[in-house]
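Asks: below are the sequence and a predicted model for it; my questions follow.
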Amino acid sequence: MKNCLINVCAVLGICTTASVSAQVTSWENSPLDYQNSPMNYENSPMNYNNSPMNYNNSPMNYNSNNGVYDNSGKRIGYEVTAPSGVTNVFDNNGNRVGYSPAKR
């Protein structure tokens, strides 16, 4: 019985380790990488290129081609690609809600 318990613990330890390693992402995709960080001015809504005050990003601009829409067709935000290649996604108020890392 004691050996069985030890073997079960060993198997569980291996399974736990495997599941943790599956959660690891590359540095290039990490929000901790400065290139992806909202602390980087290129990704900040304080940058006019990313601002909702910029007419290109405005929901009032019906000719804009960077809108993000929900399944019912309602505009919920916009996306802007930074010079570094990171695509930033903002809601209509200019809050950064996501990003796609640069293709390196």
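Replies: That came through, no problem. Numbers count the residues shown, from 1 in each chain.
Asks: how much space separates Asn66 from Tyr55?
Replies: 12 Å (Cβ to Cβ, to the nearest Å). The way it works is simple: take the backbone N, C-alpha and C, and place the C-beta from them, glycine included.
Asks: between the two, which one's more packed in?
Replies: Asn66 (15 against 11; other Cβ atoms under 10 Å).
Asks: what pLDDT does the more buried one get?
Replies: pLDDT for Asn66: 96.
Asks: please name the bridge partners of the closest residue to it other than its chain neighbours.
Replies: Spatially, and ignoring its direct neighbours in sequence, Asn66 is nearest to Tyr78 (4.9 Å; Cβ to Cβ, 6 or more residues apart in numbering). With DSSP bridges as the criterion, Tyr78 is bridged to Gly67, Phe90.
Asks: was I right to think Asp70 contacts Ile76?
Replies: Yes. Using Cβ atoms under 8 Å, Asp70 is in contact with Ile76, at 5.2 Å.
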